[in-house]
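Enquirer: could you work out the structure for the sequence below:
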Amino acid sequence: MENTNNITEFILLGLSQNKKVKTLCFLLFLFCYMAIWMGNALILTSIMCSQLVDQPMYFFLNYLALSDVCYTSTVTPKLVSDLLAERSVISYTSCMVQLFAMHFFGGIEVFILTVMAYDRYVAICKPLHYPAIMSRLRCHAMVTACCAGAFLHSLVQCLLIVNLPFCGPNELDHYFCDVYPLLKLACTDTYIVGILVVANSGMMGLVIFVVLMLSYLLILCTIRDYPVENRKKALSTCSSHIAMVVLFFVPVLFIYIRPATTFPEDKVFALFYTIIAPMFNPLIYTLRNTEMKNVMRKVWCQKPRLTGRHIS
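Expert: Numbers count the residues shown, from 1 in each chain. I've put the predicted structure just below:
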């Protein structure tokens with residue numbers, strides 16, 4: 001198939017054309033973006049300035065906070081600025097870059113959530129083997145594998161789109177460049193590509209979601225025999241992780257697990273995994289975590305006495 005592109009830019013139709021709605025959304029998403037930066041910066045600083053950085057759970061949380069900021073920054077700044085513009089336009093090249101970056105950082109987030117679930121499984125179900133299994137070297141290897149897996153996923157996703165011909169129209173019914181809205185504009189049969197997208201994004205999301213839920217189910221079965229105090233601590237940690245997983249994965253599965261088609265509701269569901277979930281990450285992993293709250297008090301409310309130590 002010859003790739004003949006007459007399109008040099010796409011017009012983003014955004015969330016709404018109503019000026020009052022756009023103004024309200026601008027204020028709301030600007031606040032969300034600032035909250036994401038502040039919350040994740042708080043987590044990163046608190047962990048790096050304390051001994052928590054030596055613990056695998058917080059080592060991974062550090063990377064989750066960093067991926068959150070990068071992930072939402074591929075979409076939110078453009079969305080916020082477009083809400084004030086009369087006409088929202090993105091070049092073809094910028095669109096492809098945004099598509100790649102969003103799936104790359106989103107993939108890292110998905111895989112980091114998976115290794116965090118594995119970390120909790122080992123800590124609760126195999127506590128005697130925990131230091132050996134979750135060694136510093138293995139933690140670094142897991143993060144590297146997360147980045148490699150995300151890169152491969154994003155590269156495949158981008159190659160499926162970049163080889164398609166776009167010859168008009170160029171109105172993208174979304175607030176960012178995503179796979180299904182782009183497939184709708186391609187001037188060729190995209191059935192096979194749509195199946196490959198489901199296999200790449202939809203099935204990957206479904207498999208990881210099932211694995212995560214099964215791992216937490218095993219954890220919940222294990223902690224039934226724990227003393228009450230230990231059970232409460234384990235439940236608090238796991239419940240926060242489960243809440244985050246559900247908030248992120250359910251909208252992702254709604255969009256990517258079905259055949260290549262678009263619905264008006266897609267834009268609303270996409271807000272959950274591009275803005276809302278990253279905004280709630282800091283709240284879920286700090287307010288529900290006593291150890292994290294204690295460290296934050298020491299780092300921010302007292303003279304800093306703790307020295308940051310890095311996993312090497």
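
Enquirer: tell me the phi and psi of Thr188?
Expert: As for Thr188, its main-chain torsions (degrees, to the nearest 10) stand at phi -160, psi 170.

Enquirer: ok, it to Pro169 distance?
Expert: 14 Å (C-beta to C-beta, to the nearest Å). From N, CA and C alone the C-beta is placed, and that goes for glycine too.

Enquirer: neighbour count winner among those two?
Expert: A direct count of neighbours by other C-beta atoms under 10 Å for Thr188 and Pro169 places Thr188 higher, at 16 against 12.

Enquirer: which SS class is the closest residue to the more buried one other than its chain neighbours?
Expert: Once flanking residues are discounted, Thr188 sits nearest to Pro165: 5.7 Å by C-beta to C-beta, 6 or more residues apart in numbering. Three-state call for Pro165 (DSSP: H, G, I helix; E, B strand; the rest coil): coil.

Enquirer: could you report the neighbour count for Pro165?
Expert: Neighbours around Pro165, by other C-beta under 10 Å: 14.

Enquirer: okay, now Lys19: neighbour count?
Expert: 10.

Enquirer: report pLDDT for it.
Expert: pLDDT for Lys19: 88.

Enquirer: for the residue nearest to Val89 when sequence neighbours are not counted, phi and psi?
Expert: Closest residue to Val89 apart from its sequence neighbours, by C-beta to C-beta, 6+ apart: Glu9 at 5.3 Å. Backbone geometry at Glu9, expressed as degrees, to the nearest 10, gives phi -150, psi 160.

Enquirer: give the contact list for Gln98.
Expert: By C-beta atoms under 8 Å, 6 or more residues apart in numbering, the contact set of Gln98 is 74-75, 78, 90, 176-177.

Enquirer: which of the residues you listed fall within helices?
Expert: Within the contacts of Gln98, residues falling in helices by DSSP state H are Lys78.

Enquirer: helices of this protein, residue ranges please.
Expert: Using DSSP H, helices in the chain cover 19-48, 56-73, 76-82, 92-125, 130-133, 136-162, 179-185, 191-197, 203-222, 228-256, 266-271, 277-287, 290-301.

Enquirer: mean pLDDT lowest for which of these?
Expert: Among the helices of the chain, helix 290-301 scores lowest, at a mean of 74.

Enquirer: buried sites along that helix?
Expert: 292, 295-296, 298-299 (16 or more other C-beta atoms under 10 Å).
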